[in-house]
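Student: Got a sequence here, can you model it:
(chains A, B and C)
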Amino acid sequence: MADDSSSPKATGKELRDDSCSNGDALVLKPKKMKAKEKSLQSGKAKTHKKSLKSSEYENRLLFAINIMKTSKKESMDFEDSGDRRVQLDVKEELKEDPDFVVQGKGKKRKRKTDHRDGPSSTSEAPLPKKKKKVVKEEGQMNLGTEKKKKNEVKVKVKKEEGDRPVSVKKKKSKEEIEAARALKLKKKEEEEKQRWRWWEEEKYEHGIKWKFLEHKGPYFPPEYQPLPDDVKFYYNGKAVKLNPPAEEGALYFAQMLDHEYTTKEVFRNNFFRDWRKDMTLEEKQLIKDLNKCDFGELLVMHKQRVEARKNMSKEEKQVIKEANQKIVEEYGFCVLDQHRERIGNFKIEPPALFRGRGDHPKQGMLKKRIQPEDVIINCSKDSYIPEPPAGHRWKEVRHDNTVTWLASWTENVQGSCKYVMLNANSKLKGEKDWEKYEVARRLKLCVDAIRAQYLEDLKSKQMGTRQRAVAFYFIDKLALRAGNEKEEGETADTVGCCSLRVEHITLHDTLDGEKCVVEFDFLGKDCIRYYNKVPVIKRVFKNLKLFMEKKQGGDDLFDRLNTQLLNKHLSSLMAGLTAKVFRTYNASITLQQQLQKLTNKTDNVAEKLLSYNRANRAVAILCNHQRAPPKTFDQSMANLQAKIDSRKEQLALAKKELKQAKKDSKGSSDNKLLASVYHSRRLQRAIYFFSQHLYISDVSLIAVCVFSLVDKKKKAVQRCEEQLLRMEVQATDKEENKQIALSTSKLNYLDPRISVAWCKNIEVPLDKIYNKTLRDKFAWAIDMTENDFVF
DNA sequence: CTCGTAACTTAGGACCCCTAAC
DNA sequence: GTTAGGGGTCCTAAGTTACGAG
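Tutor: Residues are numbered from 1 along each chain as shown, chains lettered A, B, ... in the order given. Sure, this is the predicted structure:
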């Protein structure tokens, strides 16, 4: 957790300093220990040989306590290996654990052995670098406070970088890690320096998207490689050598044989029809039935290739990775108004079998290979014009700065246009995104009036107006999509609000104790089912009954309404208002409200994050963002549950032990205590050791021992509880998230400024909720949002 | 005004790769 | 060292909306 991550870092630093000087070596005061320190100080533990300052004494005592804790679990062989070893261990222990809590042993042991061969080098080598780094960071911080807002992003990035090594530092050679870290840091710095702070610049006049645009053109997928001779396609049991285009089609089909698609009649028929188009006359005459085709060897080859790729050595993978990097470097960027911007999809879509979603009538059709002759290039007149691949030419080169795409082509299956556009972190996308949320915020200001208006319209004498009002009610209340009409037979049968049909809703005068319930059941975008039972106001209910009169299930519910009419009306109510703005508005306002409701400042980070996820989830549910439950869901849930159960047992045990320890310490007299402590040979040795080396008396040490036992048990219980809580939170989160996709709303509907402000206010590091990609995409919001932002 | 389509956003699944746990 | 799981990225389909032609 990054919120604690600053403390281990600080502690680490102090400890390293300690190891050089010795007087103030033990100035370590975790907050939790304060009370205990006091009680110890005032208690028996006042006997010391040398005149130590009291604070130093305290610290040594604390140090001793920690050793005591360690002493029972870790076998410290004082007699054999002498002081050096012990001190080493202690150092290690403290280094790991700022709160002096003894943690699980397994890993520590390992680490100890790792360090043992070169204690001097391990304790000294990293020191200078570490120090340097800290200094650097402080410098950054100062800069940050001076320049305040402008450098906030920078500072954050630095911090995050600094945190990482603390948790990773164990293995590998120090130099390697240092080098890697330095490299990353440099890269990040570079990146930040190069970030285009477009949101601080003046906007272009309406409609102008850029003034200069230069790029290398799209990247074309590799040509088809014919099958090796030993991989054969069979028809009716006989090997047939297909001509390359037909062979290519056969391979695409073969590659999908393990997928459900290839069992669907529509898919098979579409494929077969398109495939035959690529056959020679001869082949066509021979191959007339897909069922007689045997793609087995092709599939085997494909699987082998996949397997081989997976089993490649690290070096081989690295080579491929570098090659890809090179391609990205060359084709993945453009220059837009003097800034280098990442392109989102610079690769031309390779040929494939069309995978429409749901019952798509065109599934299985062959999506053809795109040639440069199909591609339109868009760039500045005065820019370097991209070269088409050798022997080819572009369909067209145009210079249209009112659009944002760099290249486009028409896809053959649906006849739609495909575009090469910029990445989400670009100015063009970011500005649009920002604008989208600003429109939604404007809606907030007039939403009451608009709602009043449509409630009024429910009573209109005009049928069209009433339908519009009811549709509007759904869009507002349920965040339905607008629902354009679609051409029948071209796409799967899905609907949105305006295209709802009578068969998609059922009216219940009463249902489950509620009145006027509308039951929705239809397939929405991507054939995701929308199922919901919603109580509605009476006027809406009555209207629905009216709209459904004398209609068949297949008839339009809103026969006098379409999206154009609806949007036209909306834009008359507020500039820029369309149906989808309501989705954005309702999503963002819901997040804000839920966050307000669910989060407590006193919660720990895990709980805060659960709250955030729950707020996020409320939005995802509202917007019906679903996902297929992960295939391994049940299994991993069971695993987690098993872990929780075992942790519970551990907790019970720990509690029992604590109780016993308390009983021992309270119920027994000093003599008994003494006896019990002296009973342990190991503790005896420890006491001897400390009385020699730390100038603490036996008596105080005994007190320390007893105290530390109870304390240790307490800590164990506490830690167990924390872990259990964390796991339970995780399990809840997971269960609730089984079929809900949070990412879509996070990416497209939630004003990032809400999240940024929340993080700032409630002290959750932003990277807990936004990964790197999202932080890049929302750089504008991260930079400009103050704590008091309200959507 | 209707219709078609260009342009752009929104969407879920596939797949890859890193990390934590064993 | 291996592997499972999950986050992150890639991919491209499927929406919405604006706009221009007829």
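Student: Below-threshold pLDDT in chain A: ranges please.
Tutor: Regions of chain A meeting the criterion pLDDT under 70 cover residues A:1-185, A:187-188, A:665-708.
Student: top strand in it by residue count?
Tutor: Ranked by residue count, the top strand of chain A under DSSP state E comes out as strand A:514-523.
Student: And it, what does it pack against?
Tutor: Applying 3 or more Cβ pairs under 8 Å, 6 or more residues apart in numbering; DSSP states H and E, we find strand A:514-523 packed against strand A:505-511, strand A:529-535, helix A:538-548. Every residue, glycine included, has its C-beta placed from N, CA and C.
Student: next one: the last one to chain centre, how far?
Tutor: Meaning helix A:538-548. Relative to its chain's centre, helix A:538-548 lies at 43 Å (Cα atoms, centre = their mean, to the nearest Å).
Student: Can you name every helix or strand that that helix contacts?
Tutor: Counting by 3+ Cβ pairs under 8 Å, 6+ apart, helix A:538-548 packs on helix A:463-478, strand A:505-511, strand A:514-523.
Student: element containing A:Arg583?
Tutor: Per DSSP states H and E: A:Arg583 is located in helix A:579-598.
Student: which parts of that helix are buried?
Tutor: Neighbour-count burial for helix A:579-598, counted by 16 or more other Cβ atoms under 10 Å, picks out A:579-592, A:594-595, A:598.
Student: Please enumerate the helices of the stretch 651-791 of chain A.
Tutor: In the stretch 651-791 of chain A, helices defined by DSSP state H, counting those that start in this stretch lie at A:670-679, A:681-693, A:698-736, A:743-748, A:752-762, A:772-777, A:779-784, listed in chain order.
Student: same deal with the stretch 351-500 of chain A?
Tutor: For the stretch 351-500 of chain A, helices defined by DSSP H, counting those that start in this stretch occupy the ranges A:427-457, A:463-478.
Student: quick one, which of these is nearest to DNA strand B?
Tutor: Among the helices of the stretch 351-500 of chain A, the nearest to DNA strand B by Cβ to the nearest atom of the strand is helix A:427-457 (3.5 Å).
Student: residues of the closest one that come out buried?
Tutor: Using 16+ other Cβ under 10 Å as the test for burial, helix A:427-457 gives A:427-431, A:433-434, A:436-437, A:439-443, A:447, A:450, A:454, A:457.
Student: Quick one: work out the angle between that helix and helix A:579-598.
Tutor: In terms of direction (axes from the mean of the first three to the mean of the last three Cα atoms, to 10 degrees), helix A:427-457 departs from helix A:579-598 by 90 degrees.
Student: what is the orientation angle of helix A:427-457 with helix A:463-478?
Tutor: 120 degrees.
Student: from memory A:Val540 sits against A:Asp457, does it?
Tutor: No. If you go by Cβ atoms under 8 Å, A:Val540 and A:Asp457 don't touch, sitting 11.1 Å apart.
Student: Burial-wise, tell me which of the helices and strands packed on strand A:514-523 comes out on top.
Tutor: Sort the helices and strands packed on strand A:514-523 by mean neighbour count, taking mean count of other Cβ atoms under 10 Å, and helix A:538-548 sits at the top with a mean of 17.
Student: Now the stretch 101-250 of chain A against DNA strand C: closest residue?
Tutor: Using Cβ to the nearest atom of the strand, A:Gly207 is the residue of the stretch 101-250 of chain A that sits closest to DNA strand C, at 7.1 Å.
Student: quick one: that residue and DNA strand B, what's the gap?
Tutor: A:Gly207 sits 9 Å away from DNA strand B, going by Cβ to the nearest atom of the strand, to the nearest Å.
Student: Need phi/psi at that residue.
Tutor: Main-chain dihedrals, A:Gly207, degrees, to the nearest 10: phi 90, psi -20.
Student: Just the C-alphas of whichever strand or helix holds A:Ala606, formatted as CSV.
Tutor: Using DSSP H and E, A:Ala606 sits within helix A:605-622. Output in CSV follows, covering the C-alpha atoms of helix A:605-622 (Å, rounded to 0.1, in the frame of the first residue of the first chain):
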residue,chain,number,x,y,z
VAL,A,605,-7.1,2.6,2.6
ALA,A,606,-8.5,-0.8,1.8
GLU,A,607,-11.9,0.3,3.1
LYS,A,608,-11.7,3.5,1.3
LEU,A,609,-11.0,1.7,-1.9
LEU,A,610,-13.8,-0.7,-1.3
SER,A,611,-16.1,2.3,-1.0
TYR,A,612,-14.7,3.8,-4.2
ASN,A,613,-15.3,0.6,-6.0
ARG,A,614,-18.8,0.4,-4.6
ALA,A,615,-19.6,3.9,-5.8
ASN,A,616,-18.0,3.0,-9.1
ARG,A,617,-20.1,-0.2,-9.1
ALA,A,618,-23.3,1.7,-8.5
VAL,A,619,-22.6,3.6,-11.7
ALA,A,620,-21.7,0.5,-13.6
ILE,A,621,-25.0,-1.1,-12.6
LEU,A,622,-26.8,2.0,-13.6
